[in-house]
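Enquirer: coords please:
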Amino acid sequence: MHITNLISQYFGKFAKKEFPTFIQKIINASYVKLMGLNMSEFKNARYYKSLNDLFTRELIIKREIDTDINTIISPTDSLITECGTLKDDIALQIKGMEYSVEELLTFYCTDNFDRLKDGSFMNFYLSPKDYHRYHAPCNFKLKKLIHVPGKLYPVNLKYLNKEFELFVQNERVILECENNGKLFYMVFVGALNVGQMVFEFENRVETNTDTKEIKVYTYDNIEITKGDCLGYFKMGSTVVMIWEKDSVQIENLLNQNVRFGQKIAKI
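Expert: Prediction:
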């Protein structure tokens, strides 16, 4: 096991521990102040029973989303660290740092590689202060889920600039999706501290464990509605979206903060 996984497991034990109420209130209030969380759409921090509970908080004020069926919305509250057009199968984790989409998606997606060449991509970085749940960016049919064990390097800007093929090295969960016959992928990348990802439609996925085995789950009848909650990170991390060529026109959002529900592309 890599040191990043061990660190994350130990921090995860702390984060899920429910301390006596008065201590937990202090921990939560300190985290909110230190990280600069905006709690206006959530319960007061004192009501969360653990740090994990606070990390994975649900919205209590319903978020307005762009409901136009011809638009793609941001699946998360996050910073767009890179976006653009693939050069063959090459994407950027950040300017000057390339990686292969084929390596990111693994050989379990080989049949679709030709459809992705010269397609579009967008990277969403969730910082520790962000809302940690991820949602459906459009109506789609879920075809496949692939869980790839790996390291848990940080995915902040510092590491994006220094660690080659960071997304390929890290643990990740890949969703293969179809919207009106067009293919796209959502890749959820694990990160240092806790390193766990939860998917509400698939309880067999267990991340940041000792396994080295890639697991693949296929589906025949899972239809997801735009805006539905797919799951959540138990700490900040990254989502990568990849679309097949000529299927979307993405907005120029490089280095901008986006919110779940905001338009990011047009079908």
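Enquirer: Could you use CA atoms for every contact and neighbour count after this?
Expert: OK.
Enquirer: His135 and Val148: what is the separation?
Expert: 21 Å (CA to CA, to the nearest Å).
Enquirer: ok, now Phe260?
Expert: Counting by CA to CA, the gap from Phe260 to Val148 is 25 Å.
Enquirer: Give me the phi and psi angles of the residue nearest to Thr225 when sequence neighbours are not counted.
Expert: Excluding its sequence neighbours, the residue lying closest to Thr225 (CA to CA, 6 or more residues apart in numbering) is Asn139, at 4.5 Å. Note on Asn139: its backbone torsions stand at phi -70, psi 130 [degrees, to the nearest 10].
Enquirer: Asn139 and Asp228 touch, don't they?
Expert: No: with contact defined as CA atoms under 8 Å, Asn139 does not count as touching Asp228 (9.1 Å).
Enquirer: So which of these two has more stuff around it?
Expert: Using other CA atoms under 10 Å, the more surrounded residue of Asn139 and Asp228 is Asn139, with 19 against 14.
Enquirer: Against Tyr48, how distant is the more buried one?
Expert: 32 Å.
Enquirer: which residue ranges form the strands in the stretch 101-250 of the chain?
Expert: Using DSSP state E, counting those that start in this stretch, the strands found in the stretch 101-250 of the chain span residues 120-125, 133-135, 140-148, 172-179, 182-189, 197-199, 215-224, 229-233, 238-243, 249-250.
Enquirer: Buried deepest among the ones you listed, which one?
Expert: Most buried of these, by mean neighbour count (mean count of other CA atoms under 10 Å): strand 120-125, with a mean of 25.
Enquirer: ok, and what's touching that strand?
Expert: 76, 78-86, 91, 93, 155-156, 236-245, 248, 250 (CA atoms under 8 Å, 6 or more residues apart in numbering).
Enquirer: Inside helices: which ones of those?
Expert: Secondary structure defined by DSSP state H assigns none of these to helices.
Enquirer: circling back: and the residue nearest to Thr225, what is it in contact with?
Expert: Ile69, Asn179, Glu223, Ile224, Thr225, Lys226.
Enquirer: Once you drop chain neighbours, what's closest to the last one?
Expert: The spatially closest residue to Lys226, leaving aside those adjacent along the chain, is Cys138, at 4.1 Å (CA to CA, 6+ apart).
Enquirer: Please report phi then psi for that neighbour.
Expert: Per-residue torsions, Cys138: phi -170, psi 170 (degrees, to the nearest 10).
Enquirer: what's the burial count for it?
Expert: Around Cys138 there are 25 other residues, counting by other CA under 10 Å.
Enquirer: my guess is it meets Leu230, correct?
Expert: No: the pair Cys138 / Leu230 is not scored as a contact, 11.8 Å apart, by CA under 8 Å.
Enquirer: which residues of the protein score low on pLDDT?
Expert: Applying pLDDT under 70 to the chain flags residues 1-12, 14, 193-195, 236.
Enquirer: Could you pull up the residues touching Tyr48?
Expert: Asn28, Leu54 are the contacts of Tyr48 under CA under 8 Å, 6+ apart.
Enquirer: Over to Val205?
Expert: Val205 sits next to His147, Val198, Phe199 when contact means CA under 8 Å, 6+ apart.
Enquirer: Let's have the residues you listed in a markdown table, adding distance to Arg63.
Expert: Below are the contacts of Val205 laid out as a markdown table (distance: CA to CA, whole Å):
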| residue | distance to Arg63 |
| --- | --- |
| His147 | 29 |
| Val198 | 21 |
| Phe199 | 20 |
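Enquirer: coming back round to it: determine which two of the contacts of Asn139 are furthest apart.
Expert: Based on CA to CA, the longest span within the contacts of Asn139 runs between Ile69 and Glu223 and measures 14.8 Å.
Enquirer: before we move on, back to that, mind giving me JSON lines with the strands of the stretch 101-250 of the chain and columns for distance to Phe19?
Expert: Formatted as JSON lines, these follow (distance: least, CA to CA, whole Å):
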{"stretch": "strand 120-125", "distance to Phe19": "30"}
{"stretch": "strand 133-135", "distance to Phe19": "24"}
{"stretch": "strand 140-148", "distance to Phe19": "32"}
{"stretch": "strand 172-179", "distance to Phe19": "30"}
{"stretch": "strand 182-189", "distance to Phe19": "29"}
{"stretch": "strand 197-199", "distance to Phe19": "23"}
{"stretch": "strand 215-224", "distance to Phe19": "35"}
{"stretch": "strand 229-233", "distance to Phe19": "21"}
{"stretch": "strand 238-243", "distance to Phe19": "29"}
{"stretch": "strand 249-250", "distance to Phe19": "45"}
